[in-house]
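Student: Based on what follows, work out the 3D shape:
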Amino acid sequence: MNLLTALQYGAPGLSGVMLILAFRMIQTEQRRTTPRQAILRYTIVFMAFAFSLLAANIFLQIIERQKETIERQADAECAGVLNALRATIAGKELYEFEQPNPDHSKLQATIIALKTQSEKSLEACGVLH
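Tutor: Predicted coordinates:
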C-alpha cells in the first residue's frame, strides 16, 4: 500500500505511516556500525507520539459511536412518543368532531392546533417525510 493512500484514512492512517517511518528509521540506524543514541531516542519519541495519536483516535471513535447510538435511541423514543401523541389527538379529534356542540368550538380549535404542532414535531423528528 502506498503511504499517501494510507493518509486517506485520517488519523489512523497517519499513525500507521508514522509507525512505518519510525520502523524504517530504526532499521536504517541499526545498519550502522555504531548506532547514534540521539537518533534512536528521537525515533522512540516519534513512535510514542504515533501510538498516542492512534490511542486518541480509537478513544474518539468509541465516543462517537456511543453518541450515535444515544442519538438513534433518542430518535426512536421521540418517534414513539410523538406517534402516541398523534394517535391521542386523532382520537380526541374524532370524538369531538363527530359530536357537533357549539360549546366545544374552543376545544376543537385547541385540538386542531395540537394536531398541527404534533405534525411539525413529527416532521422535525424525522418520523414524517
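Student: Find the centremost residue of the chain, please.
Tutor: residue 68 (3.8 Å; Cα atoms, centre = their mean).
Student: and that one, what helix or strand is that in?
Tutor: helix 37-98 (DSSP states H and E).
Student: As PDB, could you dump the C-alpha coordinates of stretch 42-59?
Tutor: Output of stretch 42-59 as PDB, limited to C-alpha atoms (Å, rounded to 0.1, in the frame of the first residue of the first chain):
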ATOM      1  CA  TYR A  42      14.200  10.700  18.900                       C
ATOM      2  CA  THR A  43      12.800   7.700  17.000                       C
ATOM      3  CA  ILE A  44      11.300   6.300  20.200                       C
ATOM      4  CA  VAL A  45       9.700   9.700  20.900                       C
ATOM      5  CA  PHE A  46       8.400   9.700  17.400                       C
ATOM      6  CA  MET A  47       6.900   6.200  17.900                       C
ATOM      7  CA  ALA A  48       5.400   7.200  21.200                       C
ATOM      8  CA  PHE A  49       3.700  10.200  19.500                       C
ATOM      9  CA  ALA A  50       2.300   7.900  16.800                       C
ATOM     10  CA  PHE A  51       1.000   5.400  19.300                       C
ATOM     11  CA  SER A  52      -0.600   8.200  21.400                       C
ATOM     12  CA  LEU A  53      -2.200   9.600  18.200                       C
ATOM     13  CA  LEU A  54      -3.600   6.200  17.400                       C
ATOM     14  CA  ALA A  55      -4.900   5.700  21.000                       C
ATOM     15  CA  ALA A  56      -6.600   9.100  21.000                       C
ATOM     16  CA  ASN A  57      -8.200   8.300  17.700                       C
ATOM     17  CA  ILE A  58      -9.500   5.000  18.900                       C
ATOM     18  CA  PHE A  59     -10.900   6.700  22.000                       C
END
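Student: ok, residues contacting that stretch?
Tutor: Identification of contacts with stretch 42-59 by Cβ atoms under 8 Å, 6 or more residues apart in numbering yields 10-12, 14-16, 18-19, 21-22, 25-26, 29. All C-beta spots, glycine's among them, are computed from the backbone N, C-alpha and C.
Student: Among those residues, which one has the most neighbours?
Tutor: Using other Cβ atoms under 10 Å as the neighbour test, the contacts of stretch 42-59 are led by residue 15, with 22 neighbours.
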